[in-house]
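Peer 1: for reference, the sequence and a predicted model appear below.
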Amino acid sequence: MAVPARGTWLDEIAAARHGLGRSSTAARVADLLREQITDGRLVPGERLPEEDLCRAAKVSRNTMREAFRLLVQERLLVHEFNRGVFVRRVTADGLADLYRVRRILECEGVRCAASAGPEALGRVGAAVEDGERAAASGDWPGVGTADIRFHQAIAALVGSPRVDEMTRHLLAEMRLVFHEMGSPREFHEPYLARNRRIYDLLAAGAADEAERELRAYLNDAETQLTTAYKEPE
């Protein structure tokens, strides 16, 4: 899998710095870095250049280190003594726990779909369409990003800001897991139709069937990813 050029994601950090004054600066920098992970631009094992990031975001080293600390707590980064800060690689045990929590949050989202309203359900459909468009253009990393948005939208059907926050953090970790798969197309392509199926069931009010589909989907994905983790060992 090709590693995105450093300049690309640093440029995006620099372009977004205008929003830093509107919230806690360290938290906002952490948000920007998390977005780069969620969108697949920062990959496991990549070292984060502190000085370059400080220049791009126009923040102090103390602010950047606080942002790093927040993301270490979220299991997205790891600090290695005398080496620096790196994007974390999710372990096989961590993968199992991610899916354990995802089943709780996303299946509850499906159960809440009937009361979520058309706008929330529309976001699920929009993520499905984004994935289908990305696949049609051959943008398989883009399909991965759309898949993350799909699952965020599923969990968001709960209507809880706390669930939304937990899901953002969990799915940023999931994007790191996706990099374990050698071919984005081989991994993501079979799930496009399954995303469509789940959305169509929700739109038709068939929540029970949608939940069964989602559980089978998550079970299959976990098995596939666990196999990929075990193969190098």
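Peer 2: Right, received. Where do you want to start?
Peer 1: and stretch 56-68, which residues are buried?
Peer 2: For stretch 56-68, the neighbour count (16 or more other CB atoms under 10 Å) marks 56-57, 59, 63-64, 66-68 as buried. All C-beta spots, glycine's among them, are computed from the backbone N, C-alpha and C.
Peer 1: C112 contacts G159, correct?
Peer 2: Yes - using CB atoms under 8 Å, C112 makes contact with G159 at a distance of 6.6 Å.
Peer 1: which of those two has more neighbours?
Peer 2: C112 (19 against 13; other CB atoms under 10 Å).
Peer 1: from Q152, how far off is that one?
Peer 2: 14 Å (CB to CB, to the nearest Å).
Peer 1: helix, strand or coil for the residue of the chain most remote from its centre?
Peer 2: Relative to the mean C-alpha coordinate of the chain, counting by CA atoms, centre = their mean, the farthest residue is N82 (28.9 Å). Secondary structure state of N82, per DSSP: H, G, I helix; E, B strand; the rest coil, is coil.
Peer 1: ok, and what's touching the helix or strand that D164 is a member of?
Peer 2: Secondary structure from DSSP states H and E places D164 in helix 161-178. Contacts to helix 161-178, defined as CB atoms under 8 Å, 6 or more residues apart in numbering, come from residues 34, 37-40, 43-44, 74-76, 87-90, 94-95, 98, 101-102, 105, 108-109, 144-145, 148, 151-152, 155-156, 184, 187, 225.
Peer 1: for it, what is the average pLDDT?
Peer 2: Throughout helix 161-178, pLDDT has a mean value of 92.
Peer 1: what about the helices in the chain?
Peer 2: With DSSP state H as the criterion, the chain has helices at 6-15, 25-38, 50-57, 61-73, 92-111, 113-116, 118-136, 140-156, 161-178, 184-203, 207-230.
Peer 1: deepest-packed of those helices, please.
Peer 2: Comparing these by mean neighbour count (mean count of other CB atoms under 10 Å), helix 140-156 ranks first with a mean of 23.
Peer 1: T145 and Q36: what is the separation?
Peer 2: Using CB to CB, we find T145 at a distance of 11 Å from Q36.
Peer 1: domain map for the protein?
Peer 2: According to automatic domain parsing, the chain comprises the domains 6-87, 92-230.
Peer 1: ranking the ones you listed by mean pLDDT, which is last?
Peer 2: The bottom spot among the domains of the chain, by mean pLDDT, belongs to domain 6-87, with a mean of 87.
Peer 1: widest-spaced pair of the buried residues of stretch 56-68?
Peer 2: Using CB to CB, those span at most 16.3 Å, a distance reached by A56 and E66.
Peer 1: wait, R102 sits on Q152?
Peer 2: No - R102 is not in contact with Q152 according to CB under 8 Å; the separation is 11.0 Å.
Peer 1: pretty sure A127 sits against V143.
Peer 2: No - taking contacts as CB under 8 Å, A127 lies outside contact range of V143: 10.8 Å.
Peer 1: list residues touching both of those two?
Peer 2: By CB under 8 Å, 6+ apart, no residue touches both A127 and V143.
Peer 1: what's R196 in contact with, if anything?
Peer 2: Applying CB under 8 Å, 6+ apart to R196 gives the contacts 128, 132.
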